[in-house]
Each structure stands twice: as C-alpha cells, then as structure tokens.
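> Quick check, what structure comes out for this input:
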Amino acid sequence: MSYRTIAAALALDSVTAGERLVAFSLASFADSEHQAFPGDPAAAARAGLSRSRYLAARKQLVGRGLVAVADVGGGRGRWSTLTLEFASSGPWLEGRINPGLFQAVLSYSRARGPARLLLAGLGALANEDREVVGLTTEEIRVAAGLADSTYRRARAALLSAGEVVVDGCSGGRGNTNQWRLIDPRALPGVPSALPQES
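Residues are numbered from 1 along each chain as shown. So this is what the prediction gives:
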C-alpha cells in the first residue's frame, strides 16, 4: 500500500462519487510505483459497488487520463495492471495518512455511497488510535469529496450505524471535532472479510 497514492486519491477534484470510490479502492491496492493489480471482484467490493458499476467508473477514470491500463489481463486469475496516473501527477493531501485503517474500512465496512466515502476519508486521516483530531469539518469534507449537505447526511448515517463516534460535536465548517472510528472488523454482522485478492 502506498501512502502517496492514498494522499493523491484524497486530493482528487472534480470526480463523481463512483469515480472517487474506485480511486480509493485502487489506491488501497497500489504499490510504491502507483500500480495496482486487483481482481475486479475484490476492487469492486472495496469500492462498495457492483462489478458493473465499478467497471463503468473505472472506465471513466481511464477516459479522463487518471488511470491507465498498463497490461490488460485475460483469462481466469489474470487481472489487469492499472497505473494510477493521478498519484504520479498529484496534487496530494498533506499530512499523516493511516493506510492500514483506510484499507480495513474499505475491506470490512458495509457503508455505501457518500457514507463510505466519508468513512474512508476518516480512516485515512486517523491516528494510530483510530481518532481524527485537529481537522476542521471543511478539511474532512473535502478529503471525502462531499458537498456540505451530502457530508451531513453521510455523517448521520455513520453515527446511526455505530461506525464512528464524535466527541465534542460543535458543527460548522471551521470548527474541529474529535472523531473516533470503531474498528470495522468488530462491528456486528460484518463478514469475516470481503474479497482480498490482489
């Protein structure tokens, strides 16, 4: 997993929610050369998308020059090699990245859509204690790629699902809250693992 690739995925601008989910998924598989070799089922599962929606969003990223297919896979067990061009050109989110929690969230959470984007963003920004501190609502919202109203709905969904806890909730774009993520593997009803092949 590459810190720099995750930082670039968090800084992506002007992409759809589906494209961002695919970029997050691919970043969680990427090596230090910004290449990923995931099977489509595993990458779609980490994106929280059906295989067809994953492939459609990936095709859009390829069409925009943000992802390149370096080697087209074929046959059983032979997957495409993808180069994450967005990680080579930047920009990159500055600051600490928690790749292990980012990957765990994408691998185990049942959150979908904007809630999944917010949870993945929080996972990437969290410290070793699964806490996000010192960041404004605006900084978190931008890293997740969410509009303000969508952010508020995603936040409410995560809180009601018990996937996050917010301490000292003061709200507002310029205010900081302390978020604590629940280990996604400890939530009730979570499968032992989503497909993990790479």
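> can we go C-alpha only for contacts and neighbour counts from here?
OK.
> ok, and what's touching the lowest-mean-pLDDT helix or strand in the chain?
When each helix and strand of the chain is scored by mean pLDDT, DSSP states H and E, strand 68-71 comes last, with a mean of 84. By CA atoms under 8 Å, 6 or more residues apart in numbering, the residues outside strand 68-71 that reach it are 62, 80-85.
> Would you map the helices across this protein?
3-10, 17-29, 40-47, 51-63, 85-89, 99-108, 113-125, 137-144, 148-161 (DSSP state H).
> for the shortest one, the distance to its chain's centre please.
In this case it means helix 85-89. Centre-to-centre, helix 85-89 and its host chain are 16 Å apart (CA atoms, centre = their mean, to the nearest Å).
> What residues does the residue nearest the centre of the chain make contact with?
Centre of the chain computed as the mean C-alpha position; nearest residue by CA atoms, centre = their mean is residue 24, 3.7 Å away. By CA under 8 Å, 6+ apart, the contact set of residue 24 is 6, 9-10, 47, 120.
> Give the buried subset of the residues you listed as a ChimeraX selection command.
Buried subset of the contacts of residue 24, written as a ChimeraX selection, criterion 16 or more other CA atoms under 10 Å:
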select :6,9,10,47,120
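> Just the C-alpha atoms of stretch 57-69, please, in PDB.
Output of stretch 57-69 as PDB, limited to C-alpha atoms (Å, rounded to 0.1, in the frame of the first residue of the first chain):
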ATOM      1  CA  ALA A  57     -16.500   4.200 -13.100                       C
ATOM      2  CA  ARG A  58     -13.000   2.700 -13.700                       C
ATOM      3  CA  LYS A  59     -13.600   3.200 -17.500                       C
ATOM      4  CA  GLN A  60     -14.500   6.900 -16.800                       C
ATOM      5  CA  LEU A  61     -11.200   7.300 -14.800                       C
ATOM      6  CA  VAL A  62      -9.300   5.800 -17.700                       C
ATOM      7  CA  GLY A  63     -11.100   8.100 -20.200                       C
ATOM      8  CA  ARG A  64     -10.100  11.100 -18.100                       C
ATOM      9  CA  GLY A  65      -6.400  10.000 -18.000                       C
ATOM     10  CA  LEU A  66      -6.500   9.500 -14.200                       C
ATOM     11  CA  VAL A  67      -5.900   5.700 -14.500                       C
ATOM     12  CA  ALA A  68      -4.200   3.800 -17.300                       C
ATOM     13  CA  VAL A  69      -4.500   0.100 -18.100                       C
END
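> now that stretch, how far from the centre of its chain.
Relative to its parent chain, stretch 57-69 has a centroid offset of 17 Å by CA atoms, centre = their mean.
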